[in-house]
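coords please:
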Amino acid sequence: MPFTVAAAADGDAMAGQALRALAPPADPAKRIAALEAAYRTQFKAAPEYPEELQGDEGPKRDARIDWLQVALLAQLKPAPAALEALGKQRASAVRDALLANKELKPERVFLVSKAAGAAPAAGSVRMEMELE
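Below you'll find the predicted structure:
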(Lines give C-alpha, C1' and ligand atoms only; values in the text may rest on other atoms or scores of the structure.)
Protein backbone atom coordinates (compact mmCIF):
# COMPACT_ATOMS: atom_id res chain seq x y z
CA MET A 1 0.00 0.00 0.00
CA PRO A 2 1.81 3.19 -1.12
CA PHE A 3 1.61 6.28 1.00
CA THR A 4 1.49 9.30 -1.25
CA VAL A 5 0.46 12.92 -1.04
CA ALA A 6 -0.52 15.57 -3.53
CA ALA A 7 1.95 18.10 -2.10
CA ALA A 8 0.34 21.25 -3.50
CA ALA A 9 -3.28 20.31 -2.85
CA ASP A 10 -2.61 18.69 0.52
CA GLY A 11 -0.36 21.56 1.59
CA ASP A 12 -3.06 24.09 0.67
CA ALA A 13 -5.73 22.08 2.49
CA MET A 14 -3.61 21.68 5.61
CA ALA A 15 -2.70 25.39 5.63
CA GLY A 16 -6.38 26.29 5.21
CA GLN A 17 -7.32 24.02 8.08
CA ALA A 18 -4.65 25.60 10.29
CA LEU A 19 -5.88 29.08 9.35
CA ARG A 20 -9.49 28.18 10.21
CA ALA A 21 -8.29 26.91 13.59
CA LEU A 22 -6.43 30.17 14.26
CA ALA A 23 -9.18 32.45 12.94
CA PRO A 24 -12.56 30.75 12.56
CA PRO A 25 -14.90 32.29 10.01
CA ALA A 26 -17.05 34.94 11.67
CA ASP A 27 -18.53 38.31 10.90
CA PRO A 28 -15.95 40.57 9.19
CA ALA A 29 -15.09 42.62 12.30
CA LYS A 30 -14.36 39.51 14.40
CA ARG A 31 -12.63 37.78 11.48
CA ILE A 32 -10.18 40.62 10.84
CA ALA A 33 -9.38 40.87 14.57
CA ALA A 34 -8.66 37.12 14.71
CA LEU A 35 -6.57 37.25 11.51
CA GLU A 36 -4.56 40.23 12.78
CA ALA A 37 -3.89 38.39 16.06
CA ALA A 38 -2.79 35.30 14.13
CA TYR A 39 -0.57 37.47 11.89
CA ARG A 40 1.11 39.04 14.94
CA THR A 41 1.70 35.58 16.40
CA GLN A 42 3.12 34.11 13.18
CA PHE A 43 5.20 37.08 12.01
CA LYS A 44 6.04 38.65 15.41
CA ALA A 45 4.91 42.03 14.01
CA ALA A 46 1.71 43.90 13.29
CA PRO A 47 0.47 43.68 9.72
CA GLU A 48 1.60 46.53 7.48
CA TYR A 49 -1.14 46.89 4.91
CA PRO A 50 -0.46 48.40 1.50
CA GLU A 51 -1.58 52.04 1.17
CA GLU A 52 -4.63 51.14 -0.93
CA LEU A 53 -5.98 48.88 1.85
CA GLN A 54 -6.02 51.55 4.58
CA GLY A 55 -9.46 52.39 6.01
CA ASP A 56 -12.39 50.60 7.59
CA GLU A 57 -14.92 50.74 4.75
CA GLY A 58 -16.44 47.41 3.77
CA PRO A 59 -14.51 46.84 0.52
CA LYS A 60 -11.19 47.81 2.11
CA ARG A 61 -11.88 45.64 5.14
CA ASP A 62 -12.65 42.69 2.86
CA ALA A 63 -9.44 43.35 0.90
CA ARG A 64 -7.46 43.45 4.17
CA ILE A 65 -9.00 40.12 5.18
CA ASP A 66 -7.93 38.65 1.83
CA TRP A 67 -4.42 40.14 2.22
CA LEU A 68 -4.06 38.65 5.73
CA GLN A 69 -5.31 35.25 4.59
CA VAL A 70 -2.83 35.09 1.71
CA ALA A 71 0.07 36.03 4.00
CA LEU A 72 -0.96 33.55 6.69
CA LEU A 73 -1.65 30.67 4.29
CA ALA A 74 1.88 31.00 2.90
CA GLN A 75 3.27 30.94 6.45
CA LEU A 76 1.14 27.96 7.52
CA LYS A 77 2.22 25.56 4.75
CA PRO A 78 3.02 22.19 6.36
CA ALA A 79 6.52 20.78 6.57
CA PRO A 80 7.39 17.77 4.40
CA ALA A 81 7.25 15.55 7.50
CA ALA A 82 3.62 16.57 8.11
CA LEU A 83 2.73 15.75 4.51
CA GLU A 84 4.44 12.37 4.82
CA ALA A 85 2.50 11.67 8.02
CA LEU A 86 -0.73 12.47 6.16
CA GLY A 87 0.23 10.03 3.41
CA LYS A 88 0.91 7.32 5.99
CA GLN A 89 -2.45 7.96 7.66
CA ARG A 90 -4.22 7.61 4.31
CA ALA A 91 -2.40 4.40 3.45
CA SER A 92 -3.14 2.96 6.89
CA ALA A 93 -6.83 3.75 6.51
CA VAL A 94 -6.95 2.00 3.12
CA ARG A 95 -4.98 -0.97 4.49
CA ASP A 96 -7.38 -1.28 7.44
CA ALA A 97 -10.37 -1.18 5.09
CA LEU A 98 -8.83 -3.91 2.93
CA LEU A 99 -8.04 -6.07 5.93
CA ALA A 100 -11.64 -5.84 7.12
CA ASN A 101 -12.17 -8.48 4.43
CA LYS A 102 -11.09 -11.60 6.33
CA GLU A 103 -10.18 -13.40 3.09
CA LEU A 104 -7.14 -11.17 2.58
CA LYS A 105 -4.07 -12.20 4.56
CA PRO A 106 -2.50 -9.34 6.56
CA GLU A 107 1.04 -10.39 5.60
CA ARG A 108 0.18 -9.65 1.96
CA VAL A 109 -0.63 -5.98 2.65
CA PHE A 110 2.14 -3.59 3.65
CA LEU A 111 2.96 0.09 3.41
CA VAL A 112 5.62 1.45 1.07
CA SER A 113 6.82 4.92 0.23
CA LYS A 114 6.28 5.87 -3.38
CA ALA A 115 6.62 9.18 -5.20
CA ALA A 116 3.34 10.58 -6.49
CA GLY A 117 2.72 10.11 -10.19
CA ALA A 118 0.61 12.39 -12.34
CA ALA A 119 -1.18 15.35 -10.80
CA PRO A 120 -4.48 14.26 -9.24
CA ALA A 121 -7.89 15.61 -10.16
CA ALA A 122 -9.07 18.50 -8.02
CA GLY A 123 -10.15 17.37 -4.58
CA SER A 124 -8.67 13.88 -4.82
CA VAL A 125 -5.44 12.02 -4.20
CA ARG A 126 -4.43 9.17 -6.45
CA MET A 127 -3.24 6.03 -4.68
CA GLU A 128 -1.92 3.25 -6.92
CA MET A 129 -1.88 -0.29 -5.60
CA GLU A 130 0.08 -3.18 -7.05
CA LEU A 131 -0.07 -6.93 -6.75
CA GLU A 132 3.21 -8.76 -6.38
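
for the chain, just list every one of the helices.
7-22, 28-43, 58-75, 80-99 (DSSP state H).

contacting residues around Pro28?
By CB atoms under 8 Å, 6 or more residues apart in numbering, the contact list for Pro28 reads 58, 61-62, 65. Where C-beta positions appear, they are placed from N, C-alpha and C, glycine not excepted.

restricted to buried residues, select those in ChimeraX.
To isolate the buried members of those in ChimeraX, using 16 or more other CB atoms under 10 Å:
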select :61,65
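
any chance of the contacts of Pro28 in CSV, plus pLDDT and distance to Asp96?
Formatted as CSV, the contacts of Pro28 follow (pLDDT from 0 to 100; distance: CB to CB, whole Å):
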residue, pLDDT, distance to Asp96
Gly58, 75, 49
Arg61, 88, 46
Asp62, 89, 44
Ile65, 93, 40
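
of the contacts of Pro28, which is the nearest to Pro24?
Nearest to Pro24 among these: Ile65, at 13.1 Å, using CB to CB.

list the contacts of that closest one.
Shown in contact with Ile65 (CB under 8 Å, 6+ apart): 28, 31-32, 35.

ok, Ala71 touching Tyr39?
Yes: between Ala71 and Tyr39 there is a contact under CB atoms under 8 Å: 6.5 Å.

and the two? which has more neighbours close in?
Tyr39 (22 against 16; other CB atoms under 10 Å).

coming back round to it: give the residues shared as contacts by Ala71 and Tyr39.
With CB under 8 Å, 6+ apart as the test, Ala71 and Tyr39 both reach Pro47.

how much space between the nearest residue to Ala46 once chain neighbours are set aside and Val70?
Among residues not flanking Ala46 along the chain, Arg40 sits closest, at 5.9 Å (CB to CB, 6 or more residues apart in numbering). Plainly put, Arg40 is 16 Å away from Val70 if you go by CB to CB, to the nearest Å.

quick one: buried ones out of the contacts of Ile65?
Among those, those scoring as buried are 31-32, 35 (criterion: 16+ other CB under 10 Å).

quick one: find the helix or strand in the protein with the lowest mean pLDDT.
strand 2-3 (a mean of 68; mean pLDDT, DSSP states H and E).
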